[in-house]
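**Q** Any chance you can model this:
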Amino acid sequence: MARIRSVKPDFFLDEDIAQLPFEQRLAFIGLWCLADKEGRLEDKPQKIKAMLFSSDFSSINKRVNIEKVLIALTEKPFIVRYEVDEKKYIQIVNFNEHQRPHHTEADSTYPAFNGVITVNSPLLDGDKKVGKEEGKGKEKGMEKEASSNSDFINSLKNNIAYRHINIDFELAKMDAWLQTPKGKRRQKTQSFIVAWLNRIEAPIVIPPKKDLRVDKPPLVYDPTERKKVSELINKTVKNMDKVIA
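**A** Numbers count the residues shown, from 1 in each chain. All right, here's what the predicted structure looks like:
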């Protein structure tokens, strides 16, 4: 079922969007309307083509190769094509950042992206798709990397370059960010962890100001000193009078 979606003026000014042929731009907008409130829909190219490119426009319908259109949209990526339990789906990237579905719209019934991509970008005719065996191999590689992360994390904690950072606190922030729509496309690899930590600048420590004031003894009124000063002034005045005379 199609939904009402909004198109921002910035869409037409986006440099990446502007490089797409018109049928890809139209298809991308059309996918918003076909997607549920989480930006997900079934990856059924022919059904998508029938919904977006009506057979009434026979010349356009014949011109559009919907499979190539979907593959091209994975290149940025504007969409992610993935598989869960042998069923294929599409996730529109950053959907909830640009769309505000109505509160009465039904919740998504499609599973979220689980990391198993069915089409890698860029992928053209004849290129190899990621199948189940490759997906399993990828997962094993990630498990192997995860198992060695404890030593890696300990090495970061002992690294003088990161002594100003609470590593455990930052790892918790990473886990939270990876659950967001934007973060779900990323993986918590060692390179990602290092890049995250490198963005954290060491705090600037300003030393306390030193008190440069010199404590002076309090002035004490001394009548004797005042008399001496008075006599000196009178003597100086008399000498000046003689010089002038």
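**Q** after the worst-scoring helix or strand of the chain on mean pLDDT comes which helix or strand?
**A** Within the chain, no helix or strand scores below helix 132-147, which has a mean of 43 by mean pLDDT, DSSP states H and E. Downstream of helix 132-147, the first helix or strand assigned by DSSP states H and E is helix 149-157.
**Q** list the helices and strands that next one packs on?
**A** Applying 3 or more CB pairs under 8 Å, 6 or more residues apart in numbering; DSSP states H and E, one finds that helix 149-157 makes contact with helix 167-177, helix 190-198. Heads up, the C-betas are built off the backbone N, CA and C, glycines and all.
**Q** For residue 157, which of the ones you listed is the nearest?
**A** Evaluated with CB to CB, these place helix 167-177 nearest to residue 157, the distance being 5.1 Å.
**Q** what's the angle between the closest one and helix 190-198?
**A** Here helix 167-177 runs at an angle of 110 degrees relative to helix 190-198 (axes from the mean of the first three to the mean of the last three CA atoms, to 10 degrees).
**Q** what comes up buried for helix 167-177?
**A** 167, 170, 171 (16 or more other CB atoms under 10 Å).
**Q** How far away from the center of its chain is it?
**A** Centre-to-centre, helix 167-177 and its host chain are 14 Å apart (CA atoms, centre = their mean, to the nearest Å).
**Q** can you give me the mean pLDDT across that helix?
**A** The average pLDDT within helix 167-177 is 85.
**Q** That one - contacts with which helices or strands?
**A** helix 149-157, helix 190-198.
**Q** want to throw those helices into TSV with mean neighbour count?
**A** Compiled in TSV, the helices and strands packed on helix 167-177 are given as follows (neighbours: other CB atoms under 10 Å):
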stretch	mean neighbour count
helix 149-157	13
helix 190-198	13
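**Q** And the helices in this structure, which stretches?
**A** Along the chain, counting by DSSP state H, helices occupy 15-18, 22-34, 45-52, 58-63, 66-73, 95-98, 132-147, 149-157, 167-177, 190-198, 223-244.
**Q** Between these, which one is closest to residue 81.
**A** helix 66-73 (6.8 Å).
**Q** How about that closest one, which residues are buried there?
**A** By neighbour count on 16+ other CB under 10 Å, the buried set for helix 66-73 is 66, 68, 69, 70, 71, 72, 73.
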